[in-house]
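A.B. asks: pasting the sequence and the predicted model now:
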2 protein chains.
Amino acid sequence: MKVLAVDLGGTHATCALVEDQTCVDATVLDYRAAGGLQPLLPEIAIALRDICFRAGVALRELVGVAMTFCGLVDSNTGRVLSTNGKFPDATALDLPRWSEGELGLPLRLENDARMALLGEHYAGVARGIDDVVMVTLGTGIGGAAMIGGRLLRGRHFQAGCLGGHLPVRLDGRTCTCGAIGCAESEASGWALPIIVKDWSGFGSSALNESEINFERLFEQAAAGDTVAVEVREHCLRVWSANAVALVHAYDPEILVYGGGVMKSASSILPSIQEYVARHAWTPWGKVQVRCAELSNNAGIMGAVPLFKEEYSSSLSDVR
Amino acid sequence: MKVLAVDLGGTHATCALVEDQTCVDATVLDYRAAGGLQPLLPEIAIALRDICFRAGVALRELVGVAMTFCGLVDSNTGRVLSTNGKFPDATALDLPRWSEGELGLPLRLENDARMALLGEHYAGVARGIDDVVMVTLGTGIGGAAMIGGRLLRGRHFQAGCLGGHLPVRLDGRTCTCGAIGCAESEASGWALPIIVKDWSGFGSSALNESEINFERLFEQAAAGDTVAVEVREHCLRVWSANAVALVHAYDPEILVYGGGVMKSASSILPSIQEYVARHAWTPWGKVQVRCAELSNNAGIMGAVPLFKEEYSSSLSDVR
């Protein structure tokens, strides 16, 4: 099966031609999402046509366009439901109509963490495992769940997506989502600088001297900086409690971690793995805790299974 | 459709004949679950035959026996997976074989909170709503989730069932399930006396003078006892954070609360409702927070939909 894939991130889009488990060719477009999605669509259409031309593939040989969006989407209609600040115009766009008009192909739209899960299930670390939870640790914390080989979507397409927004701390910080003490507001890329600057002793910490991100945090913690060590332990505890919540909520065989923070996977995953083995209630055995294999390509690799899913079952069954 | 129903609790079993949404007749057997399930089976069979005899219904007119169990069960095979201390012999029993042998009827076994959800969906407060989360507040905190009209079961039949075991407090108490800071270990019937006795000021609290349970807690809080007020606020906050976690995990339209603690529903539900309306991320609208309607009959009312479910779809699809 051949499909086109467009992975829309906050700063760039990857446009690709995918045949089964192979990315035949890809182009990356840089932009600022705040400028809106509409002005980018002509560029995206050109990039997709160019890729097909270079590969000698006619549009009519393709099954469709799979588009990955960094927000809540209605998977049935291909509409964006919530942009979370990125692409402010996206909820007003009829992307399936755009795709039909420009490329003569049907378009399927899906949330980015769900697409990453589909990709890892199809061609990555979760191959052959039908009960999977995906966590993307980055600026925010994304999530997705698959049960019995089917993506969990829910009534309003939010089920599984809000794994980073399960509250883990009663007296925690207010999250951008409105809840209190979410994993995301306690240990994510956007929350980290706020947490560190509030931490007792920050003034004399090495973290006071440069940009604050997780790579710096783990570096300074390894070098023995007290604040860095304490904040690292806090974040590991938050991610671990969140992992237990996800295991208890969705009953998976494997937890897959992706996202930019996984550059520091070796400082993170053993700790989560050990905590889950000790504290999750899994009388049947042990949940695997693994790093995503496809990194930036996971969303693209979700394109083929997204279309296979559409053809194998009605969408109302899938949710 | 006519079915037999057996609701096995910790201290008694309700045996009933159910026709569609009507409980035709029922008998309650008292016992101590710690003595095991095997010795009770002959009594249960006699009670079920007696009910049919009184109602003038032949066993061959019935579709089967729906049995509700207070623990983890394999819904496919009818085996008990974990008894959680009750009925220590139950994992060794072949209940479907017992039912076929004694009554000539197929048996379906399901977790008690899932059956309560099926009952409330079929004949209670969640009629006509296909996206439902059930919470049973009692000695422990049970849970169940329905998405798109289907019970969520998960790979190891734990999905949805462990709603009371989503950690909500990072530095909380260790739960019987092994996790830390679960809703159940922070605010349930078994945890309450431990929490109250540990609370600062307990020595001079009115709660020091009698058995500690939620009815007493709400009474004393209403009377102005400081410890009772503080513990009440703690429990309400735990249940509210748990409610947000459940909404974010399963994307329901309604949260239904049952269980013994709902005797104090008027002291509890308005507070959860207000918290969920303010803090849950539901751009589509507001989640309803409601009290179960069927109380002790919910499990029995789940019997007919459990058999309808079995006949309408393969079990591997249902999970």
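C.D. replies: Good, I have the coordinates.
A.B. asks: low pLDDT regions in chain A?
C.D. replies: A:84, A:310-319 (pLDDT under 70).
A.B. asks: which residue, other than its chain neighbours, is closest to the residue nearest the centre of it?
C.D. replies: Centroid-nearest residue in chain A: A:Ala113, 2.9 Å away (criterion: CA atoms, centre = their mean). In space, and not counting its chain neighbours, A:Ala113 is closest to A:Gly142: 3.6 Å by CB to CB, 6 or more residues apart in numbering or on different chains. Backbone N, C-alpha and C define where each C-beta goes, glycine included.
A.B. asks: before we move on, what about A:Gly260?
C.D. replies: Leaving aside its sequence neighbours, A:Gly260 sits nearest to A:Gly138 (CB to CB, 6+ apart; 4.4 Å).
A.B. asks: helices of the stretch 151-300 of chain A, start to end?
C.D. replies: Remark: helices assigned in the stretch 151-300 of chain A by DSSP state H, counting those that start in this stretch are A:183-186, A:192-198, A:214-222, A:226-250, A:265-279, A:298-301.
A.B. asks: from what I can see A:Gly9 touches A:Met67, true?
C.D. replies: No: when contacts are counted by CB atoms under 8 Å, A:Gly9 is not listed as touching A:Met67 (11.8 Å).
A.B. asks: which one's more surrounded, these two?
C.D. replies: A:Met67 (28 against 18; other CB atoms under 10 Å in any protein chain shown).
A.B. asks: can you report phi and psi for that one?
C.D. replies: Per-residue torsions, A:Met67: phi -110, psi 130 (degrees, to the nearest 10).
A.B. asks: tell me what it is bridged to.
C.D. replies: For A:Met67, the residues forming beta bridges with it (DSSP bridges) are A:Val6, A:Leu109.
A.B. asks: check contacts around it.
C.D. replies: With contact set as CB atoms under 8 Å, 6 or more residues apart in numbering or on different chains, A:Met67 has these partners: A:5-8, A:78, A:95, A:99, A:107-110.
A.B. asks: give me the number of residues near the closest residue to A:Cys182 other than its chain neighbours?
C.D. replies: The shortest distance from A:Cys182 to any non-neighbouring residue, by CB to CB, 6+ apart, is to A:Cys175 (4.0 Å). Using other CB under 10 Å, A:Cys175 is surrounded by 24 other residues.
A.B. asks: again, but for A:Arg114
C.D. replies: Neighbour tally, A:Arg114, other CB under 10 Å: 28.
A.B. asks: which strand or helix spans the residue nearest to it when sequence neighbours are not counted?
C.D. replies: Using CB to CB, 6+ apart and skipping the chain neighbours, the partner closest in space to A:Arg114 is A:Ala144 (4.2 Å). Under the criterion DSSP states H and E, the helix or strand holding A:Ala144 is strand A:141-147.
A.B. asks: okay, angle between that strand and strand B:141-147 too, please.
C.D. replies: Between strand A:141-147 and strand B:141-147, the angle comes out at 80 degrees (axes from the mean of the first three to the mean of the last three CA atoms, to 10 degrees).
A.B. asks: alright, that wraps it up for me.
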